[in-house]
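S.K.: What shape does this take:
(chains A and B)
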Amino acid sequence: EAGVTQSPTHLIKTRGQQATLRCSPISGHTSVYWYQQALGLGLQFLLWYDEGEERNRGNFPPRFSGRQFPNYSSELNVNALELEDSALYLCASALHEKLFFGSGTQLSVL
Amino acid sequence: DAKTTQPNSMESNEEEPVHLPCNHSTISGTDYIHWYRQLPSQGPEYVIHGLTSNVNNRMASLAIAEDRKSSTLILHRATLRDAAVYYCILPSSNTGKLIFGQGTTLQVKP
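M.R.: Predicted structure coming up:
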């Protein structure tokens, strides 16, 4: 069974640009979570989607947004990129309160 | 959101048991206690979870205090591959947030 897949693995952008990160959950999982992990820091909760709806978001500005598609895959969009947005972005899908994480997208903002 | 407190770091010798503590004094009656770990350059992976009674699986054991204000993750025989950051988390079924603290960095010495 395929795990959670994220693309791209690495993404390099410049300040002010927009980034789009993608996540495919494990088949049968309807919930998707997004987390940000800056270098040397813990995981910061970004967004939670379930059944196509945004259920909760963390303390991030509105330029962080996303959506969940009918097939339960998800996109995270970051507009007007800032240097401090450089981080590993992790996606997880959930089943019975267990999270299964992907390997992440390493976003570098130059 | 209920908070957890863990030591920043711990050391263990290979082949010896490791007890990783977690305090969660504000836990509510319905909060499960989850443990995840994050190996270097990987997304976190589920280790174990429990509500009231002690739990065992192939990876570890979870000992929960009778008043549920603390718990201990037990690795029965540490290996070098167990070197990771271990997170103790109380998921909120209401908000869907899984708040990852700084976790405990476990070093395993050969």
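S.K.: From here on, just use CA atoms for contacts and neighbour counts.
M.R.: Noted.
S.K.: those strands in the chain, which residues are they?
M.R.: With no chain named, the answer covers chain A. Ranges of strands within chain A are A:5-7, A:10-13, A:19-24, A:31-37, A:44-50, A:53-57, A:64-68, A:74-78, A:87-95, A:98-101, A:105-109, based on DSSP state E.
S.K.: I was thinking of chain B, sorry if that wasn't clear
M.R.: With DSSP E as the criterion, chain B has strands spanning B:9-13, B:18-23, B:33-38, B:45-50, B:55-56, B:61-64, B:70-75, B:84-89, B:104-109.
S.K.: Packing partners of the shortest one?
M.R.: For strand B:55-56, the elements it packs on are strand B:45-50, strand B:61-64, judged by 3 or more Cα pairs under 8 Å, 6 or more residues apart in numbering or on different chains; DSSP states H and E.
S.K.: between those strands, which one is nearest to residue B:22?
M.R.: Using Cα to Cα as the measure, strand B:61-64 is the one of these that comes nearest residue B:22, at 9.7 Å.
S.K.: List the contacts of that closest one.
M.R.: If you take Cα atoms under 8 Å, 6 or more residues apart in numbering or on different chains as the criterion, strand B:61-64 is touched by B:48-56, B:70-76.
S.K.: what do you get if the cut-off is 10 Å, keeping everything else the same?
M.R.: Strand B:61-64 is contacted from outside by B:19-22, B:33-35, B:47-56, B:70-76, using Cα atoms under 10 Å, 6 or more residues apart in numbering or on different chains.
S.K.: ok, of these, which come out buried?
M.R.: Among the contacts of strand B:61-64, those classed as buried by 16 or more other Cα atoms under 10 Å in any protein chain shown are B:19-22, B:33-35, B:47-50, B:52, B:70-75.
S.K.: just checking, residue A:38 touches residue A:88?
M.R.: Yes: counting by Cα atoms under 10 Å, residue A:38 does reach residue A:88; the two are 6.2 Å apart.
S.K.: more crowded one of those two?
M.R.: residue A:88 (22 against 17; other Cα atoms under 10 Å in any protein chain shown).
S.K.: No more questions from me, cheers.
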